[in-house]
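Asker: can't give you the sequence, but here's the structure:
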């Protein structure tokens, strides 16, 4: 077996009698290197985007969110509160209430969501770190403070630096929905104090306000849309969630961070693997170059292979030489591709080669290289090499042992 590897190595690096063979072999290596590099970098970009978006979501979403399975709001009894607070692994519990409302400012109107949050909400999440203009301040004297998404704030023309600026909020209540068309809304006047930026969907819909003010606006005293729970670091998430589900019962759903954005993340991962699959098929085209190169090598070395058979090497041994040669070509291309991907990855993370225009959150495309992606790419590239070598290996196997040169 050692002689097979040695001969395959000599065939890879030795100069062929026909210079064209070396050129085609070099093109095959370059093609596989390019394919490996692109596969790793594309996967790294998807990984970086996923991690960055998850980081944004984590500033908005709690570790665990409890919502009612049917309906929109619920109330909490003292016994249930006590049982939740006694669960080990829960660091804090915030409450929230949200509803679709109409916002009006300076003659502009927009439909959006108002989310009332308890005073400890920003302490259990990193939401206050997403404020890019103004400040997170919902506790103003004499007026209700709100923090708006940067997109809806822009559409409404909000000026968070103007202490006299007022935003009016109109909401339907359970009572007004049962009245005649044209009945008055519940309204309140609030002062915008800050603009936040998380993700486009949230930025164009949400405005945050104090929980008590939203409960009064909606006539939903002591009722909530969700419990937003922060877990103590070091505790097993699944175990704490299981205890929460026992306390809340089957009428409530309990979601971790991933489950709160499950549809979005699933779609993103589908896009990632579709891109990987298409690029893998593109890399497979390089196999045609390899088939030609290896076939020419077999023709060029047919007398050497015949001599090896005369010396006692089996048909499988000769076949193994060509398969090993295909593996060497693929491994060489893979190695060069990984090195190129690593260099580009370093340049992107260090010098931000490819920027993201008009972005509030990041100034360059995020990338994150993972070992699993490199392993998967290696399997694909080596597999392509062995697949391309198979026809030439079968041809080498049929070379007669009595072949002599003229």
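Answerer: Nice, thanks for sending it over. As the structure is a prediction and not an experimental result, all values here were calculated from the model.
Asker: okay, now the domains of the protein?
Answerer: Domain assignment for the chain by automatic domain parsing gives 2-57+265-397, 62-257.
Asker: mean pLDDT lowest where, among those?
Answerer: For these, the weakest mean pLDDT is recorded on domain 2-57+265-397, namely a mean of 84.
Asker: give me the buried positions along stretch 241-252.
Answerer: 241, 243-244, 247-248, 252 (16 or more other C-beta atoms under 10 Å). (Glycine included, C-beta is placed from N, CA and C.)
Asker: which two among those are spaced furthest apart?
Answerer: Using C-beta to C-beta, the buried residues of stretch 241-252 span at most 13.1 Å, a distance reached by 243 and 252.
Asker: give me the sheet partners of the longest strand along the chain and which way each runs.
Answerer: For the chain, the strand with the greatest residue count under DSSP state E is strand 90-105. Paired strands of strand 90-105, with direction, are strand 108-117 (antiparallel), strand 167-171 (antiparallel), strand 226-231 (antiparallel) (DSSP bridges).
Asker: out of these, flag the one nearest residue 196.
Answerer: The nearest among the strands paired with strand 90-105, by C-beta to C-beta, is strand 108-117 at 11.4 Å.
Asker: by contact count, what packs against whatever helix or strand comes next after that closest one?
Answerer: With elements assigned by DSSP states H and E, the helix or strand that comes after strand 108-117 is helix 121-124. Applying 3 or more C-beta pairs under 8 Å, 6 or more residues apart in numbering; DSSP states H and E, we find helix 121-124 packed against strand 90-105, strand 226-231.
Asker: what comes up buried for the following helix or strand past helix 121-124?
Answerer: Toward the C-terminus, helix 121-124 is succeeded by strand 131-134 as the next helix or strand (DSSP H and E). For strand 131-134, the neighbour count (16+ other C-beta under 10 Å) marks 131, 133-134 as buried.
Asker: repeat that for stretch 285-297.
Answerer: Those would be 286-287, 289-297, for stretch 285-297 by 16+ other C-beta under 10 Å.
Asker: mind listing what residue 45 touches?
Answerer: Residues in contact with residue 45 (C-beta atoms under 8 Å, 6 or more residues apart in numbering) are 365-367.
Asker: give me that answer again for 6 Å
Answerer: Shown in contact with residue 45 (C-beta atoms under 6 Å, 6 or more residues apart in numbering): residue 367.
Asker: mind checking the SS state of it?
Answerer: Look at residue 45: counting by DSSP: H, G, I helix; E, B strand; the rest coil, its state is helix.
Asker: leaving out chain neighbours, which residue sits closest to the spatially most central residue of the chain?
Answerer: Central residue of the chain (C-alpha atoms, centre = their mean): residue 50, 1.9 Å from the mean position. Excluding its sequence neighbours, the residue lying closest to residue 50 (C-beta to C-beta, 6 or more residues apart in numbering) is residue 268, at 5.9 Å.
Asker: can you tell me the SS state at that neighbour?
Answerer: helix.
Asker: ok, now the one 10 residues further on?
Answerer: When states are read from three-state DSSP, the local structure at residue 278 comes out as helix.
Asker: quick one: contacts of stretch 198-205?
Answerer: In contact with stretch 198-205 (C-beta under 6 Å, 6+ apart) are residues 56, 60, 112-113, 130, 149-152, 197.
Asker: any idea how far residue 308 lies from residue 384?
Answerer: From residue 308 across to residue 384, the span is 27 Å (C-beta to C-beta, to the nearest Å).
Asker: which element follows the helix or strand hosting residue 147 toward the C-terminus?
Answerer: For residue 147, the element it lies in under DSSP H and E is strand 144-149. Counting by DSSP H and E, the element after strand 144-149 in chain order, helix or strand, is helix 150-156.
Asker: would you list every one of the helices in the chain?
Answerer: Counting by DSSP state H, the chain has helices at residues 2-13, 19-60, 78-85, 121-124, 150-156, 200-203, 211-218, 237-248, 257-260, 262-284, 286-300, 302-310, 315-351, 371-397.
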